[in-house]
Each structure stands twice: as structure tokens, then as C-alpha cells.
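Colleague: Okay, sequence plus prediction incoming.
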Amino acid sequence: MGDILIISNYYPPEKGAAANRIEQLALKLNQNKYKVTVLCPLGNYPKGELFPEYKGKFSVTENLQNILVKRMWIYPSNSKNIIKRLLSVLSFSSGLFFYLLFQKTPQKVVVQSPPLLLSFISVFILSLKRKKIILNVSDLWPLAAIELNVLKANSFSHRVSLFLERFIYKKASLVLGQSNEIITHIHSIYPEKKCFLYRNFPEHQSVEMDLETQKSESIKIFYAGLFGVAQGVLELCEKIDLKGLNIELHLFGDGAEKTAIEAFISSNTDRKIFFHGMLERNVLHEKLKSFDIAIVPLKTRIYGSVPSKIFEYSALGFPILYFGGGEGENIVNENKLGWVCPVENYNDLNEKLVELSNVTKTEIHSIKQAIFKKSHEVFKLEKQMNDLLDKSVF
């Protein structure tokens, strides 16, 4: 099928939905006879510091599962200081600029967006070289930044971001959108732009994860993922009320809010909230076997955003307690994947938890089986990729 380059700000061993999404795309393209190269920074996310294996190195080339991964230098940071964050983005973007300008690249290139500056530089150089640019849009920036209060509407930064956004949509040969809302937004700017839905489906296991239902234990609700601004896990810990309920909340992950979350749990030992740190994927899945329900929160309703945890955990057989609004809410409801609470409505969430505390473990086991079956019927990565290949997207 030929060569294809993927440009992304994240790639395993980094954690999170973005890294997982790009890895699955790379592996699926490779399985369909593409020779795939990934261009990304040295591993640093979400800790904001280089992983031990990359420290002291300017660049690293690796072969991971037949994917050629070229990692370039970055000044890593997850600081809330805007200057440090900007320096981090600029450090990788500047190296990427010269690489794309002077190095030979395949005719087909997938560019991940956001970050906007990274995708702008990539699209700018690649459009000059008349490459086929497949823009993979997972979130709508700067719109999401406004909704999260990261950017101020009509500020200079906002206006610059709008210019970058419109440029990449205009110059892209076609767009992959993670949600229907993303596609609707792009068509509101460029109605004729070719857009295709590309959900962040996981690679399904051939058999069920062998979930264990412990009838004698409390109902274990878990969150596993990043502790960032968008997820609002710290606020969840502060406002969730488990007093008198047969429910525990367990947290797995890392990110900007980690220190504050640990401090809150340490000083509120009666809240039935437990922190387990960041675990490797296979270790996490083994740990989760005896758990019951996955909670998927968002700080606010973010237009265009569909948390990949909906697909990941329903594919493992876990019911979803969704607390994020938007298109994700529709997916959970339409496919009967669990329960939905209006985003940021903690009164409704706490009322729902009272109801869940009265659900028996036998009922939860039946729900798990139904969700596992439904997920494997509907969320098919292989079918999604084959459909895109049939339409000559890649």
C-alpha cells in the first residue's frame, strides 16, 4: 500500500487517549500493508518530564511492533505557567519545522490536531510540498479552550488560534473527526471539505476479560486516566458524597491534578476514595477485574469531545457512569452502556449514586455481560478501518 507518515504530539509509552488513538491507527495501517513512520517528541507525557530511557538524548529512533518511531527533542512541561507550556510546544514544533522542510517524507501524511501550533506547522510545510494531508481532529481547539477557560474569548491568543484552526482545515486534503460534532463544526467553516468519522475504538479482545463480581464487597466505581483540567477529577473527589452508601471510588492515573488529589484524599480518609497511581495497561486491567463500574467525568460539556473511555471500558464489559454531556451522553444512552448524569450537576450525580448503591452484584454482573456483547457488536475498529480504506481515505 506504500509509505505513510503520522505526526503526533503523543505516542506510547506515553499514556492517555491521544497516544492510544495514534498507536491503534499506526498498527491498523501497518496490518493493511502500509509502511508506517511516526514522528513525535521524546516520551514525557503526562508527567511533564522525560522518561528515564530518553533522558540525555536529542533524538531516538525505535521499531515498535513494526512501526518506525522517530522521537525528537522537546523541552517537557505540564506546568500551569503559560510561558513554560509555550516553550514546550515551540521546542518540538521548531525541530519538526526543519525536519519536514529538509527531510524526505512520504506522499501521504496523517497530522494529529490538537496541538494547533504543531498541526499548523505540519500542514503549512506539507501543503508547500503538495502532500496528501489527512488531518486527524480529536478535539476542537480553540473552542474547547474557551469552554475550559484556558483561553479568553476574543483575546489576541484566541484570534491567533482561530486563524491557525481555519488554515489547517482549509489546507488539509481531508479530515478525520472523532465525533459528529467535530465534522459539523468543520463543515460550518468549509462546507465542501471531505470529512470522515473516525472513533477512538479499542482493539477488541477475542474473549471477555473474565470480570469477577465480588458479592460480599462494596460496589467499586473507578476512574482510570489522566488527571487534567478537562477531566475535573479533583472536583469530583471534593463533591462526590458516598457517606452511608455501599460504594467506593478508586482512582488510577497521573497528571496535573495528581498532587492536589493525593493531598485531598490524605486529609479526608472518611470519604471512601482510594488512589492507586498510574499502572501499566496489563497490570491495570488485572486490577480492575474485581471492579464494577467505570465513571467518565468531564469538567464541563466540551463541544466535539467524546471521551475514548466510553469505548475502552464498555469493550471490557464495564458499565459506564457518564458525567460529561454532549455526544458521549447520546452514545451511552443509545447503546444502553450504563447511566448518565448531566455534566457538573453533582446533586444529580449523588442521587444516582444512592440508586446504584441499591443495585445488587448479581444485577451488575448481568449488566456487564450485556454491555460486553453490545460493545463488540457496535464498536468495531476493524470495520471502521476497512470502511475508510474502501473510501481511499489513506
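Modeller: Ah, there it is.

Colleague: From here on, just use CA atoms for contacts and neighbour counts.
Modeller: Noted.

Colleague: Could you pull out the strands in this structure for me?
Modeller: With DSSP state E as the criterion, the chain has strands at 2-7, 34-41, 59-64, 67-72, 108-113, 132-137, 174-177, 195-197, 219-226, 247-254, 273-275, 293-297, 320-323, 338-340.

Colleague: Could the C-alpha coordinates of the worst-scoring helix or strand of the chain on mean pLDDT be exported in PDB?
Modeller: Between all helices and strands in the chain, the lowest mean by mean pLDDT, DSSP states H and E belongs to helix 281-288, at a mean of 83. Provided in PDB are the C-alpha atoms of helix 281-288 (Å, rounded to 0.1, in the frame of the first residue of the first chain):
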ATOM      1  CA  ARG A 281      -2.100  -1.300  31.000                       C
ATOM      2  CA  ASN A 282      -1.900  -5.000  31.600                       C
ATOM      3  CA  VAL A 283      -1.500  -4.500  35.300                       C
ATOM      4  CA  LEU A 284      -4.400  -2.100  35.400                       C
ATOM      5  CA  HIS A 285      -6.700  -4.500  33.600                       C
ATOM      6  CA  GLU A 286      -5.800  -7.300  36.000                       C
ATOM      7  CA  LYS A 287      -6.500  -5.000  39.000                       C
ATOM      8  CA  LEU A 288      -9.900  -3.900  37.500                       C
END
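
Colleague: any idea how far that helix is from the chain center?
Modeller: Taking C-alpha atoms, centre = their mean, to the nearest Å, one finds the center of helix 281-288 at 18 Å from the center of the full chain.

Colleague: As CSV, the strands of the chain with mean pLDDT and mean neighbour count would be great.
Modeller: Below are these laid out as CSV (pLDDT from 0 to 100; neighbours: other C-alpha atoms under 10 Å):
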stretch, mean pLDDT, mean neighbour count
strand 2-7, 96, 20
strand 34-41, 96, 22
strand 59-64, 94, 12
strand 67-72, 96, 20
strand 108-113, 97, 24
strand 132-137, 97, 24
strand 174-177, 96, 24
strand 195-197, 97, 19
strand 219-226, 92, 22
strand 247-254, 93, 20
strand 273-275, 95, 18
strand 293-297, 95, 24
strand 320-323, 95, 26
strand 338-340, 95, 20
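
Colleague: CSV please, covering those strands and showing distance to Pro307.
Modeller: Shown next, in CSV, are those (distance: least, C-alpha to C-alpha, whole Å):
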stretch, distance to Pro307
strand 2-7, 21
strand 34-41, 22
strand 59-64, 26
strand 67-72, 26
strand 108-113, 16
strand 132-137, 13
strand 174-177, 13
strand 195-197, 15
strand 219-226, 11
strand 247-254, 15
strand 273-275, 21
strand 293-297, 8
strand 320-323, 10
strand 338-340, 14
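
Colleague: out of those strands, nearest to Leu90?
Modeller: strand 34-41 (11.5 Å; C-alpha to C-alpha).

Colleague: Excluding its own residues, what touches that closest one? List them.
Modeller: 1-11, 26, 29-30, 66-74, 92 (C-alpha atoms under 8 Å, 6 or more residues apart in numbering).

Colleague: make it 7 Å
Modeller: Here strand 34-41 makes contact (C-alpha atoms under 7 Å, 6 or more residues apart in numbering) with 1-11, 26, 30, 67-74, 92.

Colleague: and what of stretch 319-338?
Modeller: With C-alpha under 7 Å, 6+ apart, stretch 319-338 has contacts from 293-298, 300-301, 303, 306-307, 310, 314, 339-343, 367-368, 371.

Colleague: ok, now how distant is Leu135 from Gly232?
Modeller: Plainly put, Leu135 is 28 Å away from Gly232 if you go by C-alpha to C-alpha, to the nearest Å.

Colleague: Asn154 now?
Modeller: From Asn154 to Gly232 the distance is 25 Å (C-alpha to C-alpha).

Colleague: Settle it for me: which of the two has more neighbours?
Modeller: Between Asn154 and Gly232, counted using other C-alpha atoms under 10 Å, the more crowded position is Gly232 (17 against 11).
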